[in-house]
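Asker: need the 3D shape of this:
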Amino acid sequence: MARKYFGTDGIRGRVGEGHINPEFVLKLGWAAGRVLGNGEGRGGKVLIGKDTRISGYMFEAALEAGLAAAGVDIRLLGPMPTPGIAYLTRTLHANAGIVISASHNPHEDNGIKFFSAIGNKLPDATEEQIERELEKPMTTVSSARLGKAKRLEDARGRYIEFCKSTIPSKMDFRGLKVVVDCAHGATYHIAPDVLDEIGAEVIAIGAEPNGLNINDGFGATKPRALASSVRVNGADLGIALDGDGDRVIMVDEKGEIVDGDEIVYIIAKSRLSNGGLDGNVVGTHMSNLGLEVALRELGVGFERVAVGDRYILERLSEKDWTLGGEPSGHIICRDRTTTGDGIVSALQVMAEINKSGKSLGELRSGMRKYPQELINVPLGAMQAADIMGCKSVIDAVEAIESDMGREGRVLLRPSGTEPLIRVMVEGREAKQVLANAQSIAEAVRAELAG
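Answerer: Below is the predicted model of the structure:
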């Protein structure tokens, strides 16, 4: 079944446009309640949490009404990071968790995503069930079976304690100065307290949400403010979270950005040293070749999946492996939690700093990022599959792959959002990488020109 509403990470868009409006979200709550509850009118419990964007109030009320109409009880968590909602869904034995967030997008956007009872993102089959319910007329259970809503007052405290539990309690972080950037998002009242309670000296930035400033100049997608603050304050490291707290980018003591690939490398090496790394590490087609090479040198296998943290989790779960991540900062420590968690991932790096006595800059130095060149070639009226299947393009790619061997990588893929072919090349030497990318792009353009 081709999905009409759900994308790779729930349903997302501009507030008031398309499906991101109160009427649709009301019915989405009802449809989700019928699928994720215990059956029509037979109860069940669903958690609702949100980030700090102003439209969250409106959509929280709409979801609450829809779930209640389906006979499902609701627990309102208020502002809560996405991974915190996944954790609470699991530990409170709820039927499902719902997140109102558009992650790293600006406040004009919002979205709805779901977690299953075990804290995982919903499988495609369940999303398809919800879509089928959305096509039906909305009904309401009898008044005696309507769902009831209650606010969970200690949600924040429960999640803080969980985050702290993912590193050894004996570790003492006194003397470590940390800047944390909360992107004016859902971690604003959680991440600084987690770091303070484990003993670190904390400087919080991006921690004053007003409903409109989420991700605005701060957070994991805009780490310059964090890098500047680390340098100005002479901090040991910085942590940048995105609006809903499921991704993290770090900054070392020199103010240099440490991306998701480097964080995965540090955690993998740390786990390997204490026997806690099970199986291969999983990345995506966008993971830097330097990560693959660095892991190979450690004797650790590396596998790539499609872009998206859900595909990383699927492979980890399928193989019963423990670690994966994306350059953007979605890191999944499956031995600690069920989804990408920015705070938990940062704590794993801090634990290795504590254990090794090395700085973040020293820990990242074991991985050398390979130069990467990305060229976007407009498709015009042609289809991406037609171009990618052309013999001249295939020959150009194969020739460069053969020349680079294991020291380089080519990725040719259609854009998921624009009529473009993306040509990406990685290798050891920046000049050669650029020349190779240009050569393949020219082969694509030649075919387009006919």
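
Asker: for residue 249, list each beta-bridge partner.
Answerer: For residue 249, the beta-bridge partners are residue 240 (DSSP bridges).

Asker: tell me what the lengthiest helix in the chain is packed against?
Answerer: Assignment by DSSP state H gives helix 430-449 as the longest helix of the chain. Packing contacts for helix 430-449, counted by 3 or more CB pairs under 8 Å, 6 or more residues apart in numbering; DSSP states H and E, involve strand 372-378, helix 384-388, helix 391-404, strand 408-414, strand 420-427. For every residue, glycine as well, the C-beta is placed using N, CA and C.

Asker: mind listing what the spatially closest residue to residue 107 that is not a sequence neighbour touches?
Answerer: Distances taken as CB to CB, 6 or more residues apart in numbering put residue 53 closest to residue 107, at 4.5 Å, once the chain neighbours are dropped. Under the criterion of CB atoms under 8 Å, 6 or more residues apart in numbering, the neighbours of residue 53 are 101-102, 107, 109-110, 211-212, 214, 243.

Asker: those into JSON lines, with extra columns for distance to residue 409 and pLDDT?
Answerer: Formatted as JSON lines, the contacts of residue 53 follow (distance: CB to CB, whole Å; pLDDT from 0 to 100):
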{"residue": "101", "distance to residue 409": "33", "pLDDT": "97"}
{"residue": "102", "distance to residue 409": "31", "pLDDT": "95"}
{"residue": "107", "distance to residue 409": "37", "pLDDT": "97"}
{"residue": "109", "distance to residue 409": "32", "pLDDT": "97"}
{"residue": "110", "distance to residue 409": "36", "pLDDT": "97"}
{"residue": "211", "distance to residue 409": "43", "pLDDT": "98"}
{"residue": "212", "distance to residue 409": "41", "pLDDT": "98"}
{"residue": "214", "distance to residue 409": "35", "pLDDT": "98"}
{"residue": "243", "distance to residue 409": "31", "pLDDT": "97"}
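
Asker: inside strands: which ones of these?
Answerer: 109-110 (DSSP state E).

Asker: which residue ranges make up the domains of the chain?
Answerer: 11-153, 158-364, 372-449 (automatic domain parsing).

Asker: shaky segments in the stretch 301-450 of the chain?
Answerer: 416-417 (pLDDT under 70).

Asker: 90 instead, please
Answerer: Applying pLDDT under 90 to the stretch 301-450 of the chain picks out residues 306-310, 378-390, 405-407, 412-422, 428, 446-450.

Asker: now do residue 40, the pLDDT please.
Answerer: Residue 40 carries a pLDDT value of 49.

Asker: tabulate the domains of the chain (CSV), appending distance to residue 3.
Answerer: Formatted as CSV, these follow (distance: least, CB to CB, whole Å):
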stretch, distance to residue 3
domain 11-153, 6
domain 158-364, 13
domain 372-449, 14
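
Asker: what number of residues lie near residue 405?
Answerer: 8 (other CB atoms under 10 Å).

Asker: swap in residue 32?
Answerer: Residue 32 - counted by other CB under 10 Å - has 28 other residues nearby.

Asker: the one 4 residues further on too?
Answerer: Using other CB under 10 Å, residue 36 has 26 neighbouring residues.

Asker: now do the contacts for it.
Answerer: Counting by CB under 8 Å, 6+ apart, residue 36 has contacts 44, 46, 72, 95-96, 114, 126, 130.

Asker: just the ones of these in helices?
Answerer: Checked against DSSP H, these include these in helices: 126, 130.

Asker: between the contacts of residue 36, which sits nearest residue 374?
Answerer: residue 114 (32.2 Å; CB to CB).

Asker: show me what the closest one is bridged to.
Answerer: Under DSSP bridges, the beta-bridge partners of residue 114 are residue 98.

Asker: got a pLDDT number for it?
Answerer: 96.

Asker: wait, it touches residue 121, no?
Answerer: Yes. With contacts counted by CB atoms under 8 Å, residue 114 reaches residue 121, the gap being 7.1 Å.

Asker: give me the most central residue, the protein.
Answerer: residue 330 (3.9 Å; CA atoms, centre = their mean).

Asker: contacting residues for it?
Answerer: Shown in contact with residue 330 (CB under 8 Å, 6+ apart): 246-247, 260, 309, 312, 340.

Asker: any idea which of those residues has the most stuff around it?
Answerer: Busiest of the contacts of residue 330 [other CB under 10 Å] is residue 246, holding 33 neighbours.

Asker: how far away is it from residue 55?
Answerer: As judged by CB to CB, to the nearest Å, residue 246 and residue 55 stand 19 Å apart.

Asker: go on, residue 285?
Answerer: 33 Å.

Asker: got it, and residue 353?
Answerer: Counting by CB to CB, the gap from residue 353 to residue 55 is 38 Å.

Asker: over to residue 381?
Answerer: Taken as CB to CB, the span from residue 381 to residue 55 is 37 Å.

Asker: so which of the contacts of residue 36 is the most crowded?
Answerer: residue 72 leads the contacts of residue 36 on contacts (other CB under 10 Å) with 33 neighbours.

Asker: contact partners for residue 6?
Answerer: 127, 130-131.

Asker: nope, residue 400 is what I meant
Answerer: 408, 410, 425, 436, 439-440 are the contacts of residue 400 under CB under 8 Å, 6+ apart.

Asker: make JSON lines out of those and add distance to residue 37 and neighbour count.
Answerer: Output for the contacts of residue 400, formatted as JSON lines (distance: CB to CB, whole Å; neighbours: other CB atoms under 10 Å):
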{"residue": "408", "distance to residue 37": "51", "neighbour count": "20"}
{"residue": "410", "distance to residue 37": "48", "neighbour count": "19"}
{"residue": "425", "distance to residue 37": "49", "neighbour count": "30"}
{"residue": "436", "distance to residue 37": "54", "neighbour count": "25"}
{"residue": "439", "distance to residue 37": "56", "neighbour count": "15"}
{"residue": "440", "distance to residue 37": "51", "neighbour count": "22"}
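
Asker: return the member of the residues you listed nearest to residue 5.
Answerer: Of the contacts of residue 400, the one sitting nearest to residue 5 (CB to CB) turns out to be residue 410, at 34.7 Å.

Asker: tell me the bridge partners for the closest one.
Answerer: Assigned bridge partners for residue 410, using DSSP bridges, are residue 425.

Asker: residues contacting it?
Answerer: 397, 400-401, 404, 423-425, 436, 440.

Asker: hmm, try it at 6 Å
Answerer: Taking CB atoms under 6 Å, 6 or more residues apart in numbering, we find residue 410 in contact with 397, 400-401, 425.

Asker: hmm, back to that, who has more neighbours, residue 381 and residue 55?
Answerer: Neighbours were tallied for residue 381 and for residue 55 using other CB under 10 Å; the higher tally belongs to residue 55 (21 against 6).

Asker: the more buried one and residue 17: what is the separation?
Answerer: For residue 55 relative to residue 17 (CB to CB), the value is 12 Å.

Asker: give me the phi and psi for the residue nearest to residue 107.
Answerer: Note on residue 53: backbone dihedrals following degrees, to the nearest 10 are phi -70, psi 150.
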